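# Below are the sequence and a predicted model for it; my questions follow.
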Amino acid sequence: MLKILHTGDLHIGMKFNGYPENLRAELVEARYKVLENLVARASEERCQLFVISGDLFDKITVPRNEIEKVKGILEEFSGDCVLVIPGNHDFDNGMTDLWKIFQADPSDKILLLNEERVFKLSQTHNIDVAIYPAPCSKKKSSENALGWMKDHVKRSRAKLQIGVAHGSLEGLSPDLHREYFYMTVQELESIPVDLWLLGHTHIPYPSRAEVTGGRIFNAGTPEPDGMDCLHKGHAWLIEIDERKKIRAKRLDTGLFRFLDCEEVIEDWNSLEAIKRKYLSQEAGKTLLRLRLKGRVDREIFESKEVLYQEFKNIFAYFAVDDSELRTKISPEVINREFTAGSLPYKLLSELQERNDEEALQVAYELIQEVKDL
Amino acid sequence: MMLREICCSRFGGISDFNIELKEGLNVILGPNEAGKSTVVDSIFSVFFRSHKLKKNTTVGKEFYEKYLPYPDGDCASVKVVLKVGGLEYEINKEWGASPSAYIRCKDRLIKDERAVSAAIQELLVYGESTYRNIIFARQSDIKGALQRIKEDSETTSTVDNVLKQAVMVLDGISVEKFKKKIEEKLEIYGSKWDVENNRPEKARYLDDPWKKGKGLVLDSFYEKERIKNEIEKAKKIEENYVTVSELLKEIKDKKIKIKKKLNDYGQMEGEIEKRAHLEYRKGILEKKAEELREVSRHFAEKRIRLKNLKRESIQLKEKLGRLNKELGNAVKIKEAEEAEKMLAQIRRLEEDLKNKFRERDGLAAINDNEIDRMDNLYTKMTSAKAALEAGKLIGSINNAGERRMVLTCGLEKKEICGGGEEFTADGYLRVEVEDLLELEVKAGEIKYEELVHKYKQAKEELEKLLEKFGASDPGEAKAKFSIYKKTVSEIESMQERLFLLKAGRNIEELKSLVEETRDLSARSIEEINKENEEAKALTAEVSQKIIALEVQINEWTDKYESPEKAIDELADTLASIKEVEKELSKLVKLPPEFQTPEQFREILKQLKAELEEVESREQRLKDQFYEIDKNLPDISCEELESLQKEAEARFQKRLSYLQNLIKIKKIFDSKMEELDRGSFDPLVSTFSRYLSVLTLGKYTAGEISEDFEVGILKGDNTYLPENLFSAGAYDCVLLALRFALLDYLFQGKSSIIILDDCLVNLDPGRREKAAELLRKYAETNQVIFTTCDPATADLLKGNIISI
């Protein structure tokens, strides 16, 4: 039986410049921490292989100390071998310092799959497994790196044959122009390996938490890296038995969680519901970006700041776009809140007649500001 | 509109309170803390506070704390009856544990919260704020409004403006502050932003950015552009990085290949050099062997061939001698044949000449003079005859009978028998009839005898000549003369030809030549010449061959002495070749891609040069690569793109905000302009009316505005009369203003006004005036006046309701 921990897209070296400085450092550090956790988990689970299917690093200019730190973490794996394939972010064209540094002090544990050739683990790590890597040699490519494999797979005598590739996967990745080493399921299936371990798309594949019998796995990132990555962060724990039957379990691995949500506030009840919904999150490690929409009474509108403050206090990061949350400024509201003939009454009524909702909102806010002076 | 009834079963501190109100002036009289204000608040609340008012809102919190005080205040309930347009509406609201609301009008009952609010709104015409700020306003609030105008205005204003602004600021919103706020915001957002062209002012983009005084729009514009540039730069660097690193990789691969080749070839270079030398030597030996094979094969043979050729040459010379002799004979024979022909020709010509002489001799010898003489005579004769013929006579013998008649007509004589014959006679006629008649007739115009004589003389002489010529007439004579002349000419011609034939020739010699060659024989000259030419050509050819052979043989002889010795040398050379081949077999073979060691050497040289070039190119690329590598962004394009998206959104948001501010400013300005276009004139006029009541007709707003600048505002020389704006009068002015505003808003329709004790600070005189004003206003509107002062209640003389 072979046990593998499959991860990828750790993007170590990301800067998170869009976030506050103290949080930025935490987010950067979290990616190392997750890697450590994954290595520890793989060791605990007695995995023989720890596979990183590309984009271990976010770019090819990661500083030496960070590369060495990653290497140090990987060395801690107690299984047989760590397989690392260059992805499109940390591509290897034979010139990058990144991989030169990574390989500077060769390790028996770590095997860099940066060549289009069969890596026979039986020769290096005493496991009867042949690895077929499709490494990235550039950031973008309309052609994937699977081309070379087919004939080699047929000729191999290894007990298990595993393909490791980095690139977008049909149906899973939003690669409209097919420029990120695009692979189709059919193409992958036509290469008779026993298992495909893919990377690039940050969402795990298959989408189920437990899989029996699947042959294609995409790691998904173990640590969410932005508002376009809303899951908890995952990796796969894969077991292949003697009969080559595959069972996989999706692990929850992320430390931070990104939430990019849209909510509509209509009244006090919906405001309360939103509060309840988000305050139940593990807010301390959650970065929340909230888009609020709706037309509400002034009282509700004014109470939003209280909500924001509350969210700011508890969430690791809170950003709100409430440009579409507006005070309900109907003729009735104007009539109720402003004295007939007064400047606000005249101004708002005119904007109301023009149906210029945005300007109406701005004017209303200005009036409130002046009123509070 | 008027309030008919107010019932508070429980509201704040009051309970089971029930009052009925009348049209006109109603005075609620009660001591302090009796609940007058609560009654007023209950009316306001029933109009404007939802029975479902949230406790957690500011308004809700305030309301519940004030009117449902804990622990007793579990509910509040108020009912008012409002009369509008002749109909009575019962409005009931209950707040607290079991909130409810309804409006009843006759049989119609409305209970839904929204519907109740809408119905109240419809009845009241204006909203909560209007009611709060004018109808329910405390005197102190109105003072506050005017105070705001005072604070706002930096310039002198007229009463008109005060009134206008009073309306504008009733919500507590200062026009000036609002204006300032917009301007401030426009500055904050739009500073250094060219709104019209939607770009930085003076098109100062990132290459020359504004550094100071940037608004938020420009700031976010620069930010997003900066990120955009950063992305472009990063992408370019990344692209360059990929390009250069790929080139570098390519060149490194190439270098490795060249080096490998150089290494492989370098190892065999020495032996290939030796091989080249030996192969060169082998080539020379093989060439020599080839030559020696040629020599040994042809040396002896060529000698024999030379001998044969020499023999053949001699034979050819002999043949040429014979042919020359034969040619001499042939020439002689040909000359003799010519001589013979000549001699025969001479002989023939001499014979013909003899005959011609004989022929000439047979002809009369006539010369040219004689022919001329003959022609002369003939002319003379013929002219005489012609003259005779000119005297022509014509006659006829009509009847001569049987007698023979001789007629001599001119020179002719003829016999006629019988008659009936016509005749002519030239100048002379003689008729002789046997012997019977002899008649002579002569033409008179000619000299017949002389002419006959001339004629006969010429004829005689002519006949003599003709006889000599042997001719019968001059024509024949001329023909004969022609023959004679031709014969003579032919003789001359033949003589000339004979002379020419003989000229320069010795006839005898010719004869002897003919004789000499009679026994000779030869072929034709052409035939002999042809054979001669062939023999000569062959002779030349043979001579050439002899020379060539002699040169070759001499050369070989010089070089090899003899054929035998050449064979010996060939054997030696072949042995040497074998030796070289043996040595070559021990050396490394030339790789198959090369034809010759020279080619190998050339390629090796090329590879070395190529390596040098590749190394230098590699160095250049490396420099370039490290420079790019140094500049690689430490943040990935993807991260930057996400930042750019946010920056773009921020910019758009701010820009949109700015655009809205501009729109608002425009509307604001237009509203302010409207003020100046007289829309407030009715207000001014009403105010004037009420002011006039208060000031005993001393002032109206118009007069004030014309005569005085308003002194309540800033300004050096501007003021209202002090007495009008002194502490006491001020309240009256405010009251007038409030009534004016209500008239202005309700435009003649009756309305309600609720007044707290606004007369309390007035001196008796002013109080009287104010009371008068109130009574006047109450003539057309409902006034609810609260006071704790019974004297005021008395003064007002309305419907007094004591609580």
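That came through, no problem. Everything quoted here is computed from the prediction, not taken from an experiment.
# Doesn't residue A:371 belong to a strand?
No. Residue A:371: not assigned to a strand; according to DSSP: H, G, I helix; E, B strand; the rest coil it is helix.
# So for it, what's the pLDDT?
Predicted confidence (pLDDT) at residue A:371: the value is 80.
# which ones are touching it?
Contacts for residue A:371 (C-beta atoms under 8 Å, 6 or more residues apart in numbering or on different chains) come out as B:171-173. No exception for glycine: its C-beta is placed from N, CA and C like everyone else's.
# switch the cut-off to 6 Å
Residues in contact with residue A:371, defined by C-beta atoms under 6 Å, 6 or more residues apart in numbering or on different chains, are B:172-173.
# Quickly note the distance from it to residue B:172.
Residue A:371 is 6 Å from residue B:172, where distance means C-beta to C-beta, to the nearest Å.
# next one: residue B:118
From residue B:118 across to residue B:172, the span is 26 Å (C-beta to C-beta).
# just residue B:542 next, same as before
Separation of residue B:542 from residue B:172 (C-beta to C-beta): 146 Å.
# Stretch B:620-630: which residues count as buried?
B:621-622, B:624-625, B:628-629 (16 or more other C-beta atoms under 10 Å in any protein chain shown).
# what are the ranges of the strands in the stretch 51-200 of chain B?
Along the stretch 51-200 of chain B, the stretches classed as strands by DSSP state E, counting those that start in this stretch are B:75-84, B:87-96, B:100-105, B:108-110, B:193-194, B:199-200.
# what's next to the first one, contact-wise?
Meaning strand B:75-84. By C-beta under 6 Å, 6+ apart, strand B:75-84 touches B:1-11, B:42-43, B:46, B:67-68, B:88-97, B:123.
# which neighbours does that strand have in its sheet, and in what orientation?
Using DSSP bridges, strand B:75-84 pairs in its sheet with strand B:2-11 (antiparallel), strand B:87-96 (antiparallel).
# Give me the distance from that strand to the chain's centre.
Centre-to-centre, strand B:75-84 and its host chain are 85 Å apart (C-alpha atoms, centre = their mean, to the nearest Å).
# just the CA coordinates of it, formatted as PDB?
C-alpha atoms of strand B:75-84 as PDB (Å, rounded to 0.1, in the frame of the first residue of the first chain):
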ATOM      1  CA  CYS B  75     -47.800  50.700  27.300                       C
ATOM      2  CA  ALA B  76     -48.900  54.100  26.100                       C
ATOM      3  CA  SER B  77     -52.100  54.900  24.300                       C
ATOM      4  CA  VAL B  78     -53.200  58.100  22.500                       C
ATOM      5  CA  LYS B  79     -56.200  58.900  20.400                       C
ATOM      6  CA  VAL B  80     -56.800  62.100  18.500                       C
ATOM      7  CA  VAL B  81     -59.700  63.100  16.400                       C
ATOM      8  CA  LEU B  82     -58.700  65.200  13.400                       C
ATOM      9  CA  LYS B  83     -61.100  67.100  11.200                       C
ATOM     10  CA  VAL B  84     -60.000  67.500   7.600                       C
END
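# what's the weakest-modelled helix or strand in the chain?
By default, I'm working from chain A. Using mean pLDDT, DSSP states H and E, helix A:149-155 stands out as the lowest-scoring helix or strand of chain A, at a mean of 80.
# wrong chain, I was asking about chain B
helix B:701-707 (a mean of 43).
# related to what we said a few turns ago, so can I have a markdown table of the strands paired with strand B:75-84 showing distance to residue B:108, mean neighbour count and mean pLDDT?
What follows is the strands paired with strand B:75-84, written out as a markdown table (distance: least, C-beta to C-beta, whole Å; neighbours: other C-beta atoms under 10 Å in any protein chain shown; pLDDT from 0 to 100):
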| stretch | distance to residue B:108 | mean neighbour count | mean pLDDT |
| --- | --- | --- | --- |
| strand B:2-11 | 17 | 21 | 92 |
| strand B:87-96 | 9 | 19 | 94 |
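# Format the ones you listed as CSV; extra columns: distance to residue B:111.
CSV is the format used below for those (distance: least, C-beta to C-beta, whole Å):
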stretch, distance to residue B:111
strand B:2-11, 18
strand B:87-96, 10
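# how about the closest residue to chain A within chain B, what does it touch?
With C-beta to the nearest C-beta as the measure, residue B:127 is the residue of chain B nearest to chain A, at 3.3 Å. For residue B:127, the contact set (C-beta under 6 Å, 6+ apart) comprises A:335-336.
# Can you read off the pLDDT for residue 98?
Just going to use chain A. 92.
# Chain B was what I was after
88.
# what does residue B:801 give?
For residue B:801, the pLDDT comes out at 92.
# Same check on residue A:169?
94.
# Quick check: it vs residue B:366, distance?
148 Å.
# Show me which residues of chain B sit near chain A.
Proximity of chain B to chain A (C-beta under 6 Å from any C-beta of the partner chain) is limited to residues B:54, B:57, B:126-130, B:133, B:167-168, B:170-173, B:175, B:177-178, B:181, B:242, B:245, B:248-249, B:632, B:634-636, B:643, B:653, B:660, B:663-664, B:667, B:671, B:745.
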